[in-house]
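1. Give the three-dimensional model of this entry:
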Amino acid sequence: MSLLALGSALVFRDEPPSLEVDRLFGLLGAGSAAPDRARGPALIADSLGRHEAAGFEAAERRLEADRLRLAWRAAAGALRLDCDWRLDAETGVLSRRDRLANAGKVPVTVFRCLARLALAPGRYAVYAQQGRWSRESQGAWIPLHAGSLTLGCEWGRTSQNATPYAALRHLESGRALAFHVVPRGNWVIRFSTRMPSNQLPFLTVELGLADEDLRLVLEPGAALELPEILIQDLPDGDPRSGAAPLHRYWNARLPAPARPEIPVLYNTWLDHLDLLDGPRLRGQLAAAAAIGCEVFVVDAGWFGPGGDGWGNVGDWREKTESAFGGRMKAFADEVRAAGLGFGLWMEPERVEPQTPVRREHPGWFFPGAPRLNLEIPAARAWLQGEIARLIETYGLAWIKLDYNVSLGYDGSGAELSRYFERWYGLLDELRRAHPGTVFENCSSGGLRLDLGALRHYDVHFLTDTAHPLDVIRIGEGSLLRLPPGRLLRWAVLRSGGRIAPDLVKRTGESEERLLAPGGATWEIAESADADFIVGAALPGALGFSGDLAGLPEPARERLRWHVRFFKQWRPFLLASEAHLLTPIRPIGDRAGWTAIQLQAPGSEANLVFVYDLPNDGDDRRRFPLRGLQPDRLYAVRQAGPDGESETRVPGAALAQEGLDVVIPYRQHARWQFRLFVVEPAR
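-> Modelled structure (predicted):
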């Protein structure tokens, strides 16, 4: 017997004729004691049969310092499965890439091809995230009591239903692993218990391209590239410990954004939704420019000359009877004259039945689905041309690409993998052709927000809900699987006027209240202060919406301070990795403290964002910081519109005793925000 090892992360037991995982980040592999249906490097089902365990014959083994390449033959040599394992020594992230090739002489129809890992008997629990509109990335632990737990997405909305992430914890030892799928279409993660006789169950983890409707034909010589899988060690059993290493790993592998600094934007949506009025927009433009916004984005409401309503999605001509009256290009020039870039919303992947292109080219569309068949060259060229036409006609500095319905069932049998390949290829071509345009990813907020999408857009909308507490809670869960720098959060606010008396002032003399949306619309609103609303949006890419023009000047002055701070730190924020200093709470939990620490490669600085929510009853808390040098003295600067204060604290004290945060009660401020810059003292 010999061992093949990739550091201490992955160790194979090489005992011919089998090659089994011996250890995975300290968790024991199942080995040959596991039943056949729990073994083998993958689970493949195709027109030649089902292949697992002894159905795989090891064909190649090549071990390098940080890379292990393995190949198996299956189906009597008709199929070849290549597995490329790589370990990033700096972050400890383990990557697996699989490729299935037809080495035979006849076509093979693939019904399932999932990477498989088999773990030793034990009791396990899974941390999984639910994803739904304005309630993205909501996690919970689920005991694996019996049977299987299957996670998957909803027809192309890759983080709706579930997100492509899960943590697995061994209950006896407390050790845990995090699994990420980098989607190439629909995806699946499946945890299955296997119970031979009266024993504790073995566990199999199967991950990759969704298999519910898969029936993909591989011609002789053809190959299928499967989704990349990332695995992380969570030695303390807490999913939070995987966040910062993942961020550093993925940031280093992302293409550079269109601009080295993502602009601060104003978006029209949460002012009057899709009702666009020229004079009102000019007022918002002036207010956005005054606080330091750099892009003015016109959201939905500008398109469809045949009438109003969402039935015109896919007809990307201007309205002529409302909105800009067919003169949006002139308004774009006004925006540029005010010193901002002009941006526009569109929903390119959805085409409604009444649109001209749908009537003129019905063969370009899948039956019963609003999406184009991008495998038809003319259909792909039309879509790419429409996006390019808008960018060039209006000189777009920013384009927001939304998607508000599912892609539907993939009748081609590819589980949308071919569609995603062509859609992302189209986006990459557009970005190369228009390097000055920022491409924003949106799918009813964050319902197509995954590691794979980060490679093809510049910035990604976190969620449609603009309630600052929702933004904080959704942000916490999202940081388990996504780096913060390209997650776009909006600060949305409007004036509520002097609407209520306080203990010493009459209504007309009281402080002017600011309102934030109670969700994704203004049907419910809640009072909050400007610092808290912007503070919830600050750790990432920063945007604004709402009625800036109607704000009192003191509020706008506070917004100006936050915008200046963001601009000073945005290169740091773009490259940052996050440490979640407090437990992740569900969106309905409105109490307690939340703290996030950001660091960035090449910088000794730290930004710490602290949120004090209502009903806690404690005005002081300490937060131990991560990644500091214990023998260094640090300058701790509390920054804000009301001025700054600085103390000097040894790194060892900040790491062990924690950053000391005091937030006294303040009338009319149920929620409060504090911002700290922690740097080595000079």
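2. Would you map out the domains in this protein?
-> 2-237, 265-574, 593-680 (automatic domain parsing).
3. Tell me which of the ones you listed lies nearest to Ile587.
-> Ranking the domains of the chain by proximity to Ile587 (Cβ to Cβ) places domain 265-574 first, at 4.4 Å. For the C-beta atoms, the positions are set from N, CA and C on the backbone; glycine is no exception.
4. Adding mean pLDDT, write the domains of the chain out as CSV.
-> Listed next are the domains of the chain as CSV, based on pLDDT from 0 to 100:
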stretch, mean pLDDT
domain 2-237, 93
domain 265-574, 94
domain 593-680, 93
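5. possible to save those domains as CSV with mean neighbour count and distance to Arg253?
-> Conversion of those to CSV gives the following (neighbours: other Cβ atoms under 10 Å; distance: least, Cβ to Cβ, whole Å):
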stretch, mean neighbour count, distance to Arg253
domain 2-237, 19, 9
domain 265-574, 20, 8
domain 593-680, 16, 13
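6. Output these in CSV, with distance to Leu246 appended to each entry.
-> As requested, those are arranged in CSV below (distance: least, Cβ to Cβ, whole Å):
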stretch, distance to Leu246
domain 2-237, 6
domain 265-574, 7
domain 593-680, 13
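7. For Ala244, find the nearest of those.
-> Per Cβ to Cβ, nearest to Ala244 of those: domain 593-680, 7.3 Å.
8. quick check, distance from that closest one to the centre of its chain.
-> 26 Å (Cα atoms, centre = their mean, to the nearest Å).
9. same deal with stretch 287-300?
-> 24 Å.
10. Let me see the backbone angles for the residue positioned nearest the centre of the chain.
-> The residue lying closest to the centre of the chain (Cα atoms, centre = their mean) is Leu449, at 3.8 Å. The phi and psi values for Leu449, taken as degrees, to the nearest 10, are phi -110, psi 100.
11. where does the residue nearest to it when sequence neighbours are not counted fall, phi/psi-wise?
-> Nearest non-adjacent residue to Leu449, counting by Cβ to Cβ, 6 or more residues apart in numbering: Ser159, 5.1 Å away. Torsion angles at Ser159 (phi, psi; degrees, to the nearest 10) stand at phi -120, psi 20.
12. returning to what we had before: how near is the residue nearest to the centre of the chain to Ser443?
-> Note on Leu449: its distance to Ser443, by Cβ to Cβ, to the nearest Å, is 7 Å.
13. cool, Trp364 as well?
-> The value you get for Trp364 to Ser443, if Cβ to Cβ is used, is 22 Å.
14. Leu273 too?
-> 18 Å.
15. same deal with Val677?
-> Distance from Val677 to Ser443, by Cβ to Cβ: 34 Å.
16. Isn't Asn259 up against Gly436?
-> Actually, residue 259 is Arg. It isn't Asn. Yes - judged on Cβ atoms under 8 Å, Arg259 makes contact with Gly436 at a distance of 7.3 Å.
17. quick one, helices of this protein?
-> 243-251, 269-272, 278-291, 328-337, 356-360, 377-394, 417-433, 468-478, 530-537, 553-574, 651-656 (DSSP state H).
18. residues making contact with the shortest one?
-> Going back to what we said before, that points to helix 269-272. 280, 284, 299-300, 345, 466, 490, 492, 517, 521-522, 545-547 (Cβ atoms under 8 Å, 6 or more residues apart in numbering).
19. if you set the cut-off to 7 Å instead, what comes out?
-> Residues from elsewhere that reach helix 269-272 (Cβ atoms under 7 Å, 6 or more residues apart in numbering): Arg280, Gln284, Asp299, Ala466, Val492, Pro517, Ser545, Gly546, Asp547.
20. The residues you listed: which two are farthest apart?
-> The widest separation within the contacts of helix 269-272 (Cβ to Cβ) is 18.9 Å, between Arg280 and Ala466.
21. Quick check: Gly237 touching Ser173?
-> No - the criterion here is Cβ atoms under 7 Å, and Gly237 misses it with Ser173 at 8.5 Å.
22. Return the set of residues that bridge with Val297.
-> Per DSSP bridges, residues listed as beta-bridge partners of Val297: Asn267, Gly343.
23. I'd say it and Lys400 touch.
-> Yes - taking Cβ under 7 Å as the definition, Val297 is a contact partner of Lys400 at 6.0 Å.
24. Show me whatever sits in contact with both of these two.
-> Gly343, Trp345.
25. List the contacts of the spatially closest residue to Gly640 that is not a sequence neighbour.
-> Distance criterion Cβ to Cβ, 6+ apart; nearest residue to Gly640, sequence neighbours excluded, is Leu675 at 6.1 Å. Counting by Cβ under 7 Å, 6+ apart, Leu675 touches Gly535, Phe609, Ala639, Gly640.
26. among the residues you listed, which are in strands?
-> Taking DSSP state E, the ones among the contacts of Leu675 that sit in strands are Phe609, Ala639.
27. From the contacts of Leu675, pick the one nearest Leu230.
-> So of those, ranked by how close each gets to Leu230 (Cβ to Cβ), first place is Phe609, at 26.1 Å.
28. Ile596 is in contact with that closest one, correct?
-> Yes - in this structure, Phe609 is within contact of Ile596 by Cβ under 7 Å, at 4.8 Å.
29. residues shared between the contacts of the two?
-> Pro539.
30. and Asp46, bridged to which residues?
-> Gly49, Val110.
31. mind listing what it touches?
-> Asp46 neighbours (Cβ under 7 Å, 6+ apart): Val108, Thr109, Val110, Phe111.
32. contacting residues for Leu659?
-> Leu659 touches Val608, Arg622, Phe623, Leu625, Val636, Phe676, counting by Cβ under 7 Å, 6+ apart.
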